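# Below are the sequence and a predicted model; questions follow.
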Amino acid sequence: MKRILIVFNHPAPYKVRLFNELSKHYDLHVIFERDSASDRSKDFYFEEKYNFTVHKIHGIKLGAEGLLSCGVKKHLKRNKYDLVIMNGYSHYPEMNAISYLKKHNIPFVLYINGGVIKKESSFKQKIKTNYIKSASFYFSPDEESNKYLIHYGASKERILNYPYSTIYDKEIADKKPNKEELRSKLNIHFDKVFVSAGQLIRRKNYLSLVKEWQKFPGNYGLFLLGDGKQRDEIEQLIKEQNLKNVILTGFLSRQKMFDYFSASDAFLFPSNEDIYGHVINEAMSQGLPVISTNKVNSAIKLIKNGVNGYLLESLEGENLREAIDDVLKTDSFDASTVVARENTIEKMVEAHIKMIDEVLAK
């Protein structure tokens, strides 16, 4: 079996699922730079079983996900692999390791979870280009992320794409749910139900969506699933505007979140920026149409306007109301679940095996 090392920031459950499946095909070794990200709920890390070899490194924690450590570089000095995959380049352990790999002419794959091109100083762009263009190959989840890599010096011919997913095929709804039954179970009493899920942080733009919801009828319920630093501010707005039809549920288990999806009429995603956005595919897996801003890579990839949702410049004004009116008239269950079945963990594993074998053959 080929010996492979993957360096990743923290054990996000969807990555653990992927790594467990890949370990059936390779002698897989993984370095998690940190045990967890400080801005994630402990309940987020529900995958506890590792079927691959984990190597610990030590260092000083910086911010939500950073680490000051030379541990990855030290590990590379002591161990030989048939392939090294760096899942990132922006934290010190990754930068330190990439510099070592580059210096010693050791080929490696740069694996990204997504990317958004932003305005930045020429100095910052130069630094990022130095690390990104050093890779021999690139694993990328979508066309928007490909553009990001190319912007920083990657060769288009060396970019390999994969379907990015957090769901197994068995988790996708195979028939339309009984929404009335689910709403009764969840104690939902609105005529029309809309849902969104994610961290309640400024970038996700939920405050703007709640402000917009003042214009909707009282029987249009909006459920925000998740928690975060902006929760108090959102709760204060709800209180000030006396919005009885906006509900904050806090962090929910995966199954409970899927229950809310199944009970809803549409999924709304107002984010100002997302390098990918798994929740779009998760909502579609339960048959929901999705209305999202066009600043979310997964939305650009997965939404087909008028078929399984809408891409909008922003979730505000007349465009939002027209999109909501339209999805309420359209049966999007099949269109959404078909897309979800093209983006499962099984499909992701299949693509990764093909990509890894292609790189190993070079």
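That came in fine, so what should we check first?
# Next, T344: phi, psi?
Phi and psi for T344, reported as degrees, to the nearest 10, are phi -110, psi 170.
# my bad, A135
phi -70, psi 150.
# So in terms of bridging, what pairs with the closest residue to it other than its chain neighbours?
In space, and not counting its chain neighbours, A135 is closest to L110: 3.6 Å by C-beta to C-beta, 6 or more residues apart in numbering. Every residue, glycine included, has its C-beta placed from N, CA and C. When bridges are called by DSSP bridges, L110 pairs up with M86, Y138.
# Pull the number of nearby residues for L110.
L110 sits with 26 neighbouring residues when counted by other C-beta atoms under 10 Å.
# same question, E120
What E120 shows, counting by other C-beta under 10 Å, is a neighbour count of 11.
# Then P141?
P141, neighbours per other C-beta under 10 Å, totals 25.
# go on, the one 10 residues further on?
By other C-beta under 10 Å, 15 other residues sit near H151.
# State the distance from it to E144.
In this view, H151 and E144 are 11 Å apart by C-beta to C-beta, to the nearest Å.
# which residues are common contacts for these two?
Here H151 and E144 share no contacting residue, scored by C-beta atoms under 8 Å, 6 or more residues apart in numbering.
# can you pull the buried residues of stretch 298-307?
298-303 (16 or more other C-beta atoms under 10 Å).
# tell me the mean pLDDT for that stretch?
Summarised as a single mean, pLDDT over stretch 298-307 is 96.
# Export it to CSV, keeping only CA atoms.
The C-alpha trace of stretch 298-307 is given here as CSV (Å, rounded to 0.1, in the frame of the first residue of the first chain):
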residue,chain,number,x,y,z
SER,A,298,-21.2,25.7,-3.3
ALA,A,299,-24.2,27.8,-4.2
ILE,A,300,-22.7,28.8,-7.5
LYS,A,301,-21.8,25.1,-8.2
LEU,A,302,-25.0,23.5,-7.1
ILE,A,303,-27.9,25.9,-7.6
LYS,A,304,-29.7,25.9,-11.0
ASN,A,305,-31.8,29.0,-11.2
GLY,A,306,-35.6,28.3,-11.2
VAL,A,307,-35.0,24.5,-10.9
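# what does it rub up against?
Defining contact as C-beta under 8 Å, 6+ apart, one finds that stretch 298-307 is touched by 114, 141-144, 164, 269, 274, 276-278, 280-281, 284, 290, 292-294, 308-311, 326, 330, 332, 335, 339, 343.
# avg pLDDT for stretch 148-167?
On average, stretch 148-167 scores 96.
# wait, stretch 249-266
94.
# Just the C-alphas of it, formatted as CSV.
Taking Å, rounded to 0.1, in the frame of the first residue of the first chain, the C-alpha atoms of stretch 249-266 are listed here in CSV:
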residue,chain,number,x,y,z
THR,A,249,-32.6,27.3,17.9
GLY,A,250,-29.0,27.3,18.9
PHE,A,251,-26.6,24.5,17.9
LEU,A,252,-28.5,21.3,16.9
SER,A,253,-27.4,17.8,16.3
ARG,A,254,-27.0,16.7,12.7
GLN,A,255,-30.3,14.7,12.7
LYS,A,256,-32.2,17.5,14.4
MET,A,257,-30.9,19.9,11.8
PHE,A,258,-32.0,17.5,9.0
ASP,A,259,-35.5,17.3,10.6
TYR,A,260,-35.8,21.1,10.4
PHE,A,261,-34.7,21.0,6.7
SER,A,262,-37.3,18.4,5.9
ALA,A,263,-40.0,20.4,7.7
SER,A,264,-39.2,23.6,5.8
ASP,A,265,-40.3,25.0,2.5
ALA,A,266,-36.9,26.5,1.5
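# Which strands or helices does the helix or strand bottoming out on mean pLDDT in the chain pack on?
The helix or strand of the chain with the poorest confidence is strand 66-68; it has a mean of 85 (mean pLDDT, DSSP states H and E). Strand 66-68 is packed against strand 60-62, helix 92-103, with contacts defined by 3 or more C-beta pairs under 8 Å, 6 or more residues apart in numbering; DSSP states H and E.
# Could you tell me the least trusted of those?
strand 60-62 (a mean of 87).
# tell me what that one is packed against?
On a contact count with 3+ C-beta pairs under 8 Å, 6+ apart, strand 60-62 meets strand 66-68.
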